[in-house]
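no sequence on this one, just coordinates:
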């Protein structure tokens, strides 16, 4: 403990975080009215004082360095400056980016990731879609779900491509409104009572 105190300068703050994690250091200091900013330096006596995984420690250090806060690891005699030309800073950034890249591959594998925008319905599907919608009891929601698209996508598709396909182009396909009401088409054969 005396070795650690001997490394302090008169204007250094000593943080005894207790159960607080090192990655909460900025928040802990802010609660006491101290903001870390460009030009400040965090001094660690030794990395063994910090109980974080190496990847989390690298990430936290990179975050502080990006905001202009330097690091000094006293027992090892290492100073990491937030300058772009500092080799240790560049190394920490590279390690952090590499970890993020690997983590991204693990959580979002390339073979299951969607590529670009979902393909819209093809105009060649119109007769099939129209047949599904014309079945008794069929709803636009059911048909859209069966096709794997949103209901709004189905309505936009029908509005764009269903004009002049044997139906009255001016008459929209019956659909529910947002308030729950809807208007049904009258029977064309006059059999309704």
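Noted; the coordinates are in hand. Because the structure is a prediction, the values reported are computed rather than measured. Numbering: from 1, shown residues only.

number of nearby residues for residue 71?
Applying the criterion other C-beta atoms under 10 Å, we find 19 residues in the vicinity of residue 71. Where C-beta positions appear, they are placed from N, C-alpha and C, glycine not excepted.

likewise residue 62?
20.

How about residue 158?
22.

Just the element for it, please.
Using DSSP states H and E, residue 158 sits in helix 151-161.

buried residues in that helix?
Going by neighbour count (16 or more other C-beta atoms under 10 Å), the buried part of helix 151-161 is 151, 154, 155, 157, 158, 161.

and what of stretch 28-40?
So, applying 16+ other C-beta under 10 Å, buried residues of stretch 28-40: 29, 36, 40.

mind listing which of those residues are in helices?
Judged by DSSP state H, helices contain the following of the buried residues of stretch 28-40: residue 29.

export the buried residues of stretch 28-40 to TSV and tack on distance to residue 101?
Below are those laid out as TSV (distance: C-beta to C-beta, whole Å):
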residue	distance to residue 101
29	31
36	27
40	29
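
Is it correct that residue 138 is in contact with residue 132?
Yes - if you go by C-beta atoms under 8 Å, residue 138 and residue 132 touch, sitting 6.0 Å apart.

so which of the buried residues of helix 151-161 comes closest to residue 92?
Checking these against residue 92 with C-beta to C-beta, the nearest one is residue 151 at 48.5 Å.

Much appreciated, bye for now.
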